[in-house]
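Got a predicted structure plus its sequence, pasted below:
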Amino acid sequence: MKRVMLSATMLLGALAADRAAAQAFPDRPVRMIVPYPVGGSFDVLARPLAQRFQELTGQALVIDNRGGANGMIAADLVAKSPPDGYTLLMASAGPVTIASALYHDMTYDPNTDLMPVTALVTMPFALFATASFPVHSVADVVAAARAKPDTIAFGLPGNGSVGHLAEAMFAQATDTRFIAVPYRGAGPAMTDLASGAVVLMFTTVASAKPLVDAGKLRGLAVAAAHRSAAMPDMPSFAELGMPQVEAALWIGAMAPAGTPVPVVARLNALLVEALASPLVKAAMATVGADILAQGPDDFAALLRADFPRWAEVVRRGNIHVE
C-alpha cells in the first residue's frame, strides 16, 4: 500500500511539474522548422504567424527554412530534437503522409516520431497552364493529351510532392498520359511554367496567382470541392464532374514525440489564438487559404485520413521516386 501511495504521489508530482512548465512556456524563443526554401507558400503563413506569436508570448517564433528531400530533412531534424516544445515542424503532406507511401528507408517514422499540435490552414492546389499553351479548360487539356499521349510537358514541383501526386491523380481520373518533368522545388518549376518550358502544373493558388494576374499563366480548375476565394472565376474539379481530383496543401504544426501533453496544449492554444488575428486572417485571405485552427485530436484524424488516400494514388500510379 505504501508503494502504491508513493507511486501515486510521484505521478501527481510529475503531472504538477508538467503543468507548471506549460504555464511558464515559452520562456525562450521557439524554433519553427519550415521544410521548404524561403519565399514559398509556407512563408505566406509563417511570417505573420511568427509576428503574432511574439506579441502573445513575448518570445520569438524563429522561422528556420530547411529545404531538401521533399521536406524530409526538416522532419527528421524535428523528430530527433528534444521533446520540450521548443522545436516544431511546419508540417505538410509531403514529409508526413506522402513520404510514408513513397519511401522505405526513411530516417524517421511520421506515425511514431512526430505528434500533432495544430492543423493550421489548408491551401487549395489548382491546375495551371502557361499562357502560350492553347487550352482554356480542363476539357481542352484532356482532348489534347488524348490526341497526342506522352507529348505534353507537365511540370512537377518535386518528386513525391503534392503537385506530383495531383498530376498522377488527374491522369488517373482522365485516362491521360503526360511527360512528367520533375523540378527541385516549386520556384524553378514556376519559372519554367511561366516561360513555356513546361505547359501544365498543379501548384497552390497562392504561388500561381501573381503570375496569373501578370498574364503569364491561366488557371483551369481548382482541385477542391469548391472554388477558391482568391480566384473565384476558376471552376472546381468537383463542378467538372471529377470530385476525385482533390489536392490541398494542408499545413500544421508538429512536435517531437514525447513532448509533454500540457506543453502541446499550450502551443495549440497560442497558435489557434495567433490564427484568429486580423494580420493572419488577411494574409490567408489574399491567397485563398482556409484557416483550420484544429486541436491535436482533429489534426490526428486529418492525418489518419490522409495516409491511405495518398497511398492509394501512389499504388494506382505505380509511382517510385527512390
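Cool, the structure landed.

which residues touch residue 140?
By C-beta atoms under 8 Å, 6 or more residues apart in numbering, the residues touching residue 140 are residue 134. For every residue, glycine as well, the C-beta is placed using N, CA and C.

Excluding chain neighbours, give the residue nearest to residue 264 in space.
Excluding the flanking residues, the one nearest residue 264 by C-beta to C-beta, 6 or more residues apart in numbering is residue 117, at 5.5 Å.

Ok, residue 300 next?
Using C-beta to C-beta, 6+ apart, the nearest residue to residue 300 is residue 116, at 5.0 Å.

Surely that neighbour touches residue 257?
No - look at residue 116 against residue 257 with C-beta atoms under 8 Å: they stay out of range, at 10.5 Å.

Looking at these two, which one has more neighbours?
The neighbour count for residue 116 versus residue 257, taken as other C-beta atoms under 10 Å, is higher for residue 116 (23 against 14).

related to what we said a few turns ago, would you agree the residue nearest to residue 264 falls within a helix?
No - counting by DSSP: H, G, I helix; E, B strand; the rest coil, residue 117 is not found in a helix; it is strand.

how near is it to residue 87?
The gap separating residue 117 from residue 87 is 12 Å, by C-beta to C-beta, to the nearest Å.

Which residues are in contact with each of these two?
Taking C-beta under 8 Å, 6+ apart as the criterion, residue 117 and residue 87 both touch residue 255.

out of those two, which sits in the busier spot?
Shown here are residue 117 and residue 87; by other C-beta under 10 Å, residue 117 has more neighbours (27 against 21).

mind listing what's buried in the helix or strand hosting residue 207?
Taking DSSP states H and E as the criterion, residue 207 maps to helix 205-213. Counting neighbours by 16 or more other C-beta atoms under 10 Å, one finds that the buried residues in helix 205-213 are 205-209, 211-212.

For residue 107, list the residues it contacts.
72, 76.

ditto for the one 4 residues further on
Residues touching residue 111, when contacts are defined by C-beta under 8 Å, 6+ apart, comprise residue 100.

Pretty sure residue 221 sits in a strand.
Yes - Residue 221 sits within a strand when classified using three-state DSSP.

I'd like to know how many residues surround it.
Quick note: residue 221 (other C-beta under 10 Å) scores 24 neighbours.

pLDDT at it, what is it?
With respect to pLDDT, residue 221 scores 98.

who's it bridged to?
Beta-bridge partners for residue 221, by DSSP bridges, are residue 127.

Break down the stretch 151-300 of the chain into its strands, ranges please.
153-156, 179-182, 200-204, 217-222, 248-256, 290-294 (DSSP state E, counting those that start in this stretch).

starting at the chain centroid, how far to the helix holding residue 207?
Mean-position distance between helix 205-213 and its chain equals 18 Å (C-alpha atoms, centre = their mean, to the nearest Å).

Which elements pack onto that helix?
Here helix 205-213 touches helix 41-57, strand 114-130, helix 186-195, strand 217-222, going by 3 or more C-beta pairs under 8 Å, 6 or more residues apart in numbering; DSSP states H and E.

can you list contacts of the last one?
Right, the one you point to is strand 217-222. So strand 217-222 is contacted by 124-131, 133, 135-138, 141, 193-194, 205, 208, 211-212, 228, 231, 233-237, 239-240, 245 (C-beta under 8 Å, 6+ apart).

same check, this time on stretch 23-31
Applying C-beta under 8 Å, 6+ apart, the set of residues contacting stretch 23-31 is 53, 57, 59-62, 64, 85-88, 263, 266-267.

Among those, which pair sits farthest apart?
Within these, 64 and 266 form the most distant pair, 20.7 Å apart (C-beta to C-beta).

Looking at the strands of the stretch 151-300 of the chain, which one is packed in the most?
strand 200-204 (a mean of 27; mean count of other C-beta atoms under 10 Å).
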